[in-house]
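Asks: sequence-free structure coming up:
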């Protein structure tokens, strides 16, 4: 079977993309190469997108025969996770469940990404962020002192990027409250208003995770990404990393894109309604048009650890360093802290009542 590899012309070793220098680097002789100089490995991308009335989901382009022979898919028998990398990638464990990936086959039948944001931060930066993340007051001491990372992988996660125009009309019910007193009574006056907002907003590169195995809340939590640093996709950027094969296509991701665009539109309009005590949306109409999509790989450091038989998953944005992930809570510390807060609040209330009686 033909294998497509990036070989060092100096020593013949397999070269990989280095996030620190943003160049291809040989780990054997330390020779560096600009990614642009390796464009001969990749065929020019063809724009096959065509506009539609609603969403144009013709994202990505077809892999060339040479590119397909240079990629491999590793299938985990435990969780079914499909991890795709180039011929230089050695998959020894599944980053999703920690088990060994034991089946290899050629990666075919999927679209080639339009763009990729290369990794900017390396594994050491991810480990440092993880240690920083452990500095939480309610974290069990044993978790912090004895914890170790079971698995850490740099993964290119598939994202569908949606562009759209939103035209919205929103009506709010708002109130203003005025309070005053005289020698006999306290008065409260509530005025009611109908507030109307209308306008349009343009959206670009709204990301929707294209992998069902990647938790959507985890992937959305490491956003945002700076798309200005995206480059045309080349397989060279996959060297030394994994890439998750998408199993949720663009058409199936449209609903989530619509939800995100509409929610952001509603939030943006609500931010313009100021000076009121309360603001409640009464009628919302958000219309979307000119929907288009592209396919991209975004960098994520994924790691997991086990504590008391439970697996904890963490993710770091491989471009910005934003780190997220749930941590266990020391129940003793939690209830002790809760009791302290309750006692402080009780003391303040008692003190206030005592002072009021004196007055």
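Replies: Received, thanks. Everything numeric in this text was worked out from a predicted model, so none of it was measured.
Asks: what about the closest residue to residue 265 other than its chain neighbours, distance to residue 158?
Replies: Residue nearest to residue 265 in three dimensions, not counting chain neighbours: residue 166, with 4.6 Å by C-beta to C-beta, 6 or more residues apart in numbering. For glycine as for every other residue, the C-beta is placed from the backbone atoms N, C-alpha and C. Residue 166 sits 25 Å away from residue 158, going by C-beta to C-beta, to the nearest Å.
Asks: of those two, give the one with the bigger neighbour count.
Replies: Neighbour tally, residue 166 and residue 158, criterion other C-beta atoms under 10 Å: the higher count belongs to residue 158, 26 against 22.
Asks: thought the more buried one was touching residue 250?
Replies: No: counting by C-beta atoms under 8 Å, residue 158 stays clear of residue 250, with 10.3 Å between them.
Asks: and for these two, which residues touch both?
Replies: Taking C-beta atoms under 8 Å, 6 or more residues apart in numbering as the contact rule, residue 158 and residue 250 both touch 210, 295.
Asks: can I see the domain layout of the protein?
Replies: 16-328, 331-359 (automatic domain parsing).
Asks: these: lowest mean pLDDT?
Replies: For those, mean pLDDT drops lowest on domain 331-359, to a mean of 53.
Asks: mind checking the SS state of residue 256?
Replies: Following DSSP: H, G, I helix; E, B strand; the rest coil, we place residue 256 in the helix state.
Asks: okay but it is in contact with residue 208, surely?
Replies: Yes: because the distance of 4.8 Å satisfies C-beta under 8 Å, residue 256 is recorded as touching residue 208.
Asks: how is residue 259 assigned, secondary-structure-wise?
Replies: helix.
Asks: the one 4 residues further on now?
Replies: Counting by three-state DSSP, the backbone at residue 263 sits in helix.
Asks: ok, now how distant is it from residue 204?
Replies: 16 Å.
Asks: okay, now residue 295: neighbour count?
Replies: For residue 295, using other C-beta under 10 Å, the count is 24.
Asks: what does residue 30 give?
Replies: Residue 30: 11 neighbours (other C-beta under 10 Å).
Asks: so where does it fall, helix or strand?
Replies: Taking DSSP states H and E as the definition, one finds residue 30 inside no helix or strand.
Asks: from residue 118, how far out is it?
Replies: For residue 30, the distance to residue 118 - C-beta to C-beta - is 19 Å.
Asks: next: residue 202.
Replies: 27 Å.
Asks: then residue 21?
Replies: 11 Å.
Asks: the more surrounded of these two?
Replies: residue 118 (21 against 10).
Asks: the more buried one contacts residue 299, doesn't it?
Replies: Yes: using C-beta under 8 Å, residue 118 is in contact with residue 299, at 6.8 Å.
Asks: quick one, helices of the stretch 201-350 of the chain?
Replies: Taking DSSP state H, counting those that start in this stretch as the test, the helices found in the stretch 201-350 of the chain are 216-221, 250-270, 331-358.
Asks: for the second one, buried residues please.
Replies: Neighbour-count burial for helix 250-270, with 16 or more other C-beta atoms under 10 Å as criterion, is recorded at 250, 253-254, 256-258, 260-262, 265-266, 269.
Asks: swap in the shortest one?
Replies: Of the residues in helix 216-221, 218-219 count as buried by neighbour count, 16+ other C-beta under 10 Å.
Asks: neighbouring contacts of it?
Replies: 157, 207, 209, 256, 300, 313, 315, 322, 324-325.
Asks: tell me how many other residues crowd the residue nearest to residue 290 when sequence neighbours are not counted.
Replies: Spatial nearest neighbour of residue 290, chain neighbours left out: residue 165 (4.8 Å); criterion: C-beta to C-beta, 6+ apart. Residues within reach of residue 165, counting by other C-beta under 10 Å, total 14.
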